[in-house]
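Below is the structure, and that's it, no one-letter string:
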């Protein structure tokens with residue numbers, strides 16, 4: 001669990017509930033101890049700055065490139081995207097997803113919302129999703145699988161190889177199926 005900023009505690013709680021051994025990653029040495037990584041929601045520009053400050057940016061890029069399973073929620077999805085629209089000046093990402101995302105695509109904090117999503121990969125029932133200053137995936141390459149989209153077609157959950165990403169926050173609604181799906185990716189690589 002990347003624990004530089006954001007709602008990493010909520011993710012740690014979900015993994016504990018699922019019986020997974022999760023640790024907070026704050027330094028490059030911590031990264032060497034994990035079999036998978038979650039990049040939580042928060043503020044992507046702050047995560048970028050802190051990852052560079054703590055010497056984690058390049059090790060994170062190397063881990064993604066080497067096939068480490070990584071799950072990004074909200075800001076984490078932005079951090080894993082190759083191209084970001086509406087980024088602040090100088091903002092960098094870890095990359096990995098061959099997609100274009102737009103930061104704060106739904107507006108300000110006041111424009112946050114909840115909805116139910118069909119996610120066929122997770123089965124029934126639908127996923128109750130909370131969007132808080134969320135990004136949206138505007139463009140995907142052929143190798144990216146769209147896991148879910150809003151009724152208007154805006155893409156909000158994707159997968160590409162070792163990477164999983166959501167625009168929303170499954171960790172704050174009691175929804176554990178994305179975390180379970182991610183743990184299967186981790187187990188499959190072990």
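Thanks, I have it. Since the model is a prediction, treat every value here as computed from it, not as a measurement.

Distance-wise, check the closest residue to residue 17 other than its chain neighbours relative to residue 16.
In this structure, residue 17 finds its nearest non-sequential neighbour in residue 176, 6.8 Å apart by C-beta to C-beta, 6 or more residues apart in numbering. The C-beta positions use only the backbone N, C-alpha and C, and glycine is treated the same way. Between residue 176 and residue 16 the computed distance is 11 Å (C-beta to C-beta, to the nearest Å).

secondary structure element for residue 180?
Per DSSP states H and E: residue 180 is located in helix 177-189.

mind listing the strands for this protein?
37-39, 70-73, 81-85, 97-102, 113-117, 127-131, 136-140, 145-149, 155-160, 163-166 (DSSP state E).

Who are the contact partners of residue 31?
Under the criterion of C-beta atoms under 8 Å, 6 or more residues apart in numbering, the contact list for residue 31 reads 25, 37, 56, 59, 60, 63.

how much space between it and residue 177?
26 Å.

quick revisit: quick one: contacts of the helix holding residue 180?
11, 14-15, 18, 20, 35-36, 38, 67-69, 71, 119, 121-123, 127, 157, 162, 164, 166, 170-171.

Name the nearest of the contacts of residue 31 relative to residue 102.
Ranking the contacts of residue 31 by separation from residue 102, with C-beta to C-beta as the measure, puts residue 60 on top at 22.0 Å.
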